[in-house]
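mind looking at a prediction? Sequence and model below.
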Amino acid sequence: MAHWSTFEKETEKETKKLIRCISGVEDEEDQNFQLALKFAWSNFRFHRYLDVDSHKVQRSISGIYEKLMVHSDLSKAGSWMRLTEEFLSSPLPNTDGTKTDAHYSILSLLLFLSGSPSNTNFTERPRLKEAEPEDNFDWAKYLMEGEDIDIGPYPDTPEWSEEESEDDDSQQPISREDSGIQLDRTPQEDQDNTNNKTVPVTWTVGEPDARAWLEQHVVTPYWVAHAPRFPHSLHLHSNLLNVWDQHLYNTDPLYLPEEKAFVTETQVIRETLWLLSGVKKHFIFQHHDGKVSVRNNVVVTHLTSNCLRSVLEHIAVYGQAVFRLQRFIDEVTGYSSEPCPPGSGSSYSAKKGTEPPFRTYQAFVWALNKYFTSFKEELTTIERELICNDETVTLSAVLERLSSHLVQIKVLHKVFCTGVAEVPPATPNVVRASHLLNTLYKAIIEYDSVGEASEQAVALLFSLWTETVRPYLEIVDEWIVHGHLFDPAKEFIIQRNKDVPVNHRDFWYATYTLYSVSETVENEEKLNDAASGSSGGDQGSSNRQLTMVSFLKPVLKQIIMAGKSMQLLRNLDCKEAEQSDRSSRDAERKSLYTLFLESVQSRLCSQEESPTDTATEQLATKRSLVKMQSIVAQHLEIDDVHDPLLAINFARLYLEQSDFHERFSGGDFIVDRSSQSVTCQTFELTLRSCLYPHIERRYIECCGNLMKTLKKDYKLLEYLQAMRNYFLLEAGDTMYDFYTAIFDKVQEKESWQQLSFLNVQLQEAVGQRYPEDSSRLSIFLETIDPSRKKHPVNNLEVLTLGYKVPWPVDIVISSECQKIYNQVFLLLLQIKWAKYSLDTLRFSDFTDVTKKLEGGLAEEVKVKEPINQQIHRMCLLRVKLMHFVNSLHNYIMTRILHSTGLEFQHQVQEAKDLDQLIKIHYRYLATIHDRCLLREKVSFVKEAIMKVLNLVLIFSDRWQAGFGAWKIESIDKMESDFKNCHMFLVTILNKAVCRGSFPHLESLALSLMAGFEQC
């Protein structure tokens, strides 16, 4: 190391200190320490470090500054820019110049070391710069040493400065009293300041026109008591007030002139403009408890006091409307802390101060603010013209110019009062938002029905509605596109039930709550969203019409279905879903609100386009009008209305609807005046053509994807087929192995009600052909009423078949559905038992019985019927019972289960959404439950069938027992019981078929009638 330089030695020392600090290894002889040292030296010697990029550092500095400004950290942002600029402009030791690479290198190092500069609490500390030492050395004395200087007779006199003299002469203080112009004060300042104090004003002598300019442009203080009168013309028209007062004084001996405050018409116009622009402090107009009134003693010289007052009171009404609307805007946007007089403002101020306004109110306020911005620009333009004084501006001319705006303010105030101010304070946000949107919707419909007289009002309300409805459409868009119902303020009519997770089997039924709001606003009904997704509005009382959000009614079901389907899709492990493609599609996709606005714009543009051939257009319109008139006249004659003029006007209105001719010319069309399909309102047509198609398209896409995923990835159709295979015995060979094992045990008089035996038989039967379902199927034993055990056929009621359906297929195949499946399964099992019992009987059983009875029962046989005749009767009864059971079996398995199953499979393939599939499945189960005579209404028919099946089991048991085990009279009783049940069923079924109420029973009735024996 003797050849090392001093720099290398210091570097070696510092490198070792760095290694000890970072690694914690103190022993320099350690192998790890030596490896780290070699690595560090290698980097120091051979690594080439790039020069710092000053532009990149400058961009980082600007980015931090911009972030601090976005976070409103103004003080930190100012300090950051000032300190960095000061550092870059300061010289460094051993470095010449400013903003060098060394400056940017240090800043780059600091930026790399900083974790999060914008999140750091920073307070700039004052830095005291070292003051440069003053040079107290007397250079004058040193340089003039030995010189003789004549300082005059007055050495202590200061030197004369000509500049100071000129400055002193050019300025002189002039008080406000000397200027002849009084201090301007507003009425509030005049009340607060009781002691008038003179304010000194400094005037520049070099500007001779300053005093004259002020005298011409400063307004005479008309708002103070005993204000000086302004000069005006002596013409008769300019002194109408004096003439009228003189007339009253001459005609009325009790007339006493009052003290008046004279103003000019220009001052009245300016205060009118200020009132309409939202200014609260005036002289002519006064605010009391939220109401705007007119001061009594204000007059102009060219109008009578009553005339002026009537005009100003008319203006005050609009000023009060502007005041209420502006205060509502301030409350929503700025959380105004100004106390509101009772009963004068909106009910929104009564809400909690910490609760932020929900988005529908914010959108409504944004739309109001946009209108008032343009309105105030118009007021500012008028005031500038008034100040320029180039033209004569009168109050009537200003009101005429503002007439359209005043009408719009009246419309806005009416909507505000109905939709916002009249809502009680404790009303939930969902009711507030729904009521406001409904109010705007009805106002548009109301003004739109007037026609051309209210085009401006309709345009204003429509723009207001499109802005206000934006949060609702954004909520709908977020739900039907991403499956997330984002509604933190609970203002949407559909709200998520957080207690039910997505992977719960009740998700489809109990996840969302639909709010139905009555017109009276005070009453509210919550209707749980059923599988149909209907609004439930028909369930309310007949004297109170329930409304949600009127414009969403026609597509409410589609919104609910699409939203739930998309949320379910988002939580499914879709095999075909790719996140990258989905994110790219979301980036390119336009929101529902944007699509709606574009559709509205295209619709308006298409209506404004002029036809290329006017003559052809008019001719086509005339022909359509004539054709439409004849159609409408025909429908009016249905109600005995013969009015050609009415038909022409209806035809003109309905020409706006393109599909009107198709609807009215159809033979099966029924005129329904309450139907929305025959409406002539342009706004509703706009919604039907510009909003609803986008929702319908998204509904078809979402529900189609969900159905495709359930059918393909989650094997929905396979599970439905499995339910029919095992519960409805469509897998005949598999289930035959299962239930014949049970029936054999019964015939052998062995115990079969053992859970282990039943599950083993079920697993063996299913595992051979459907091994994937063996783990899903299981059987359970239930307890039944002991009184029902008297009949053998009821012993099978202890069996309950269970099938484990995974999520989300269990939304369709629910536990309630499995109960219905089990009822049909039990009925089929009872029929199969009866059929199996009759099919296993053999005629050879009676051969042995006859040989045994030839000797012992010879005498008894002489008295009673011969044995062969008894055997013949038994065989005949067996055939009759077999015909009955086979007829019932064929009816259930073919006419009911097979035919209904084919219809069900076709409907499942045609289902558009999961809700429709659930309905189809429920309808299918209800159909087979009804047609299998399991309904409570036809329980007497089932009891008769069960009696015959029970008779079959008794007959089979006695057949196998032989003649010696039972009395011969029992044959007569079995024949009698069967005949009675058979006759009862044939009679009942024939009556039902003749009435036409149960057409599916016709085949069973005919089959039983064919085997019926006429007495």
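Yes, it's here. Residues are numbered from 1 along each chain as shown.

residue 93 should be in a helix, yeah?
No: the assignment for residue 93 by DSSP: H, G, I helix; E, B strand; the rest coil gives coil, which leaves it out of any helix.

since we're on it, how many residues are nearby?
5 (other C-beta atoms under 10 Å). From N, CA and C alone the C-beta is placed, and that goes for glycine too.

same check, this time on residue 141
8.

tell me the secondary structure at it.
Three-state assignment for residue 141 (three-state DSSP): helix.

low pLDDT regions in the stretch 401-550 of the chain?
Applying pLDDT under 70 to the stretch 401-550 of the chain picks out residues 452-453, 505, 516-548.

show me the strands in it, by range?
Using DSSP state E, counting those that start in this stretch, the strands of the stretch 401-550 of the chain run over 494-496, 512-518, 524-528, 546-547.

can you pull the contacts of residue 395?
Residues in contact with residue 395 (C-beta atoms under 8 Å, 6 or more residues apart in numbering) are 265, 268-269, 272, 311.

and it, how far from residue 383?
In this view, residue 395 and residue 383 are 13 Å apart by C-beta to C-beta, to the nearest Å.

and what of residue 780?
When residue 780 is compared with residue 383 (using C-beta to C-beta), they lie 87 Å apart.

returning to what we had before: return the closest of the contacts of residue 395 with respect to residue 40.
residue 272 (82.4 Å; C-beta to C-beta).

that closest one - nearest residue in space that isn't next to it in sequence?
Leaving aside its chain neighbours, residue 272 sits nearest to residue 315 (5.4 Å; criterion: C-beta to C-beta, 6 or more residues apart in numbering).

I figured the one you found hits residue 271, correct?
No: at 9.3 Å, residue 315 does not count as touching residue 271 under the criterion of C-beta atoms under 8 Å.

need the residues touching each of these two.
residue 285.

which parts of the stretch 251-400 of the chain are strands?
All strands of the stretch 251-400 of the chain, identified by DSSP E, counting those that start in this stretch, fall at 261-262, 285-288, 291-294, 298-299.

who does the second one pair up with?
Strand 285-288 sits in its sheet next to strand 291-294 (antiparallel), going by DSSP bridges.

contact partners of the strand it pairs with?
Here strand 291-294 has contacts from 275, 284-286, 309, 312-313, 316-317, 319-320, 323, 344, using C-beta under 8 Å, 6+ apart.

max pairwise distance over those residues: which two?
309 and 344 (22.5 Å).

would you reformat the contacts of residue 395 as JSON lines and include distance to residue 472, neighbour count and pLDDT?
JSON lines is the format used below for the contacts of residue 395 (distance: C-beta to C-beta, whole Å; neighbours: other C-beta atoms under 10 Å; pLDDT from 0 to 100):
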{"residue": "265", "distance to residue 472": "48", "neighbour count": "18", "pLDDT": "85"}
{"residue": "268", "distance to residue 472": "44", "neighbour count": "21", "pLDDT": "89"}
{"residue": "269", "distance to residue 472": "42", "neighbour count": "19", "pLDDT": "90"}
{"residue": "272", "distance to residue 472": "38", "neighbour count": "25", "pLDDT": "90"}
{"residue": "311", "distance to residue 472": "42", "neighbour count": "17", "pLDDT": "89"}
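
out of those, who's nearest residue 332?
Lowest distance from residue 332 to the contacts of residue 395 (C-beta to C-beta) belongs to residue 272, with 26.7 Å.

list the contacts for that closest one?
Counting by C-beta under 8 Å, 6+ apart, residue 272 touches 312, 315, 395, 398.

isn't residue 420 right up against residue 436?
Yes: taking C-beta under 8 Å as the contact criterion, residue 420 and residue 436 are neighbours in contact, 6.2 Å apart.

okay, and the common contacts of those two?
The contact lists of residue 420 and residue 436 share 361, 364, where a contact means C-beta under 8 Å, 6+ apart.

tell me which of these two has more neighbours.
The residue with more neighbours, out of residue 420 and residue 436, is residue 436; 25 against 22, by other C-beta under 10 Å.

I figured the more buried one hits residue 419, correct?
Yes: here residue 436 lies in contact with residue 419, judged by C-beta under 8 Å, at a distance of 4.1 Å.

which neighbours do these two have in common?
Contacts common to residue 436 and residue 419, judged by C-beta under 8 Å, 6+ apart, are absent.

residue 695 sits in which helix or strand?
helix 692-712 (DSSP states H and E).

same question, residue 105
Counting by DSSP H and E, residue 105 is found in helix 101-113.

report all helices and strands that that helix contacts.
Judged by 3 or more C-beta pairs under 8 Å, 6 or more residues apart in numbering; DSSP states H and E, the packing partners of helix 101-113 are helix 54-70, helix 74-88.

with just CA atoms, put the shortest one into PDB.
If I follow you right, that is helix 74-88. Provided in PDB are the C-alpha atoms of helix 74-88 (Å, rounded to 0.1, in the frame of the first residue of the first chain):
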ATOM      1  CA  LEU A  74     -49.600  26.400  -0.700                       C
ATOM      2  CA  SER A  75     -47.100  27.300   1.900                       C
ATOM      3  CA  LYS A  76     -45.000  24.200   1.300                       C
ATOM      4  CA  ALA A  77     -45.300  24.700  -2.500                       C
ATOM      5  CA  GLY A  78     -44.000  28.200  -2.200                       C
ATOM      6  CA  SER A  79     -41.200  27.300   0.100                       C
ATOM      7  CA  TRP A  80     -40.200  24.400  -2.100                       C
ATOM      8  CA  MET A  81     -39.900  26.500  -5.300                       C
ATOM      9  CA  ARG A  82     -38.200  29.400  -3.500                       C
ATOM     10  CA  LEU A  83     -35.600  27.200  -1.700                       C
ATOM     11  CA  THR A  84     -34.700  25.100  -4.700                       C
ATOM     12  CA  GLU A  85     -34.400  28.200  -6.900                       C
ATOM     13  CA  GLU A  86     -32.300  29.900  -4.300                       C
ATOM     14  CA  PHE A  87     -30.000  26.900  -4.000                       C
ATOM     15  CA  LEU A  88     -29.600  26.600  -7.800                       C
END
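
report the angle between it and helix 54-70.
Orientation check (axes from the mean of the first three to the mean of the last three C-alpha atoms, to 10 degrees): helix 74-88 against helix 54-70 gives 160 degrees.

give me the phi and psi for residue 450.
Here is the backbone geometry of residue 450 (degrees, to the nearest 10): phi -70, psi -30.

could you do residue 800 as well?
phi -140, psi 120.

what's the answer for residue 258, then?
In terms of degrees, to the nearest 10, the main-chain angles of residue 258 are phi -100, psi 160.

in contact with it, which residues?
residue 297.

and it, how far from residue 242?
14 Å.

now residue 974
The value you get for residue 974 to residue 242, if C-beta to C-beta is used, is 126 Å.

next, format the helices and strands packed on helix 101-113 as JSON lines and append mean pLDDT.
Listed next are those as JSON lines, based on pLDDT from 0 to 100:
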{"stretch": "helix 54-70", "mean pLDDT": "87"}
{"stretch": "helix 74-88", "mean pLDDT": "86"}
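
what's the closest of these to residue 920?
With C-beta to C-beta, the closest approach to residue 920 among those belongs to helix 54-70: 54.6 Å.

now the angle from that closest one to helix 101-113?
Going by the same axes, to 10 degrees, helix 54-70 makes 50 degrees with helix 101-113.

chain center to helix 54-70: distance?
Centroid separation for helix 54-70 versus its chain: 39 Å, with C-alpha atoms, centre = their mean, to the nearest Å.

what does stretch 498-515 give?
16 Å.
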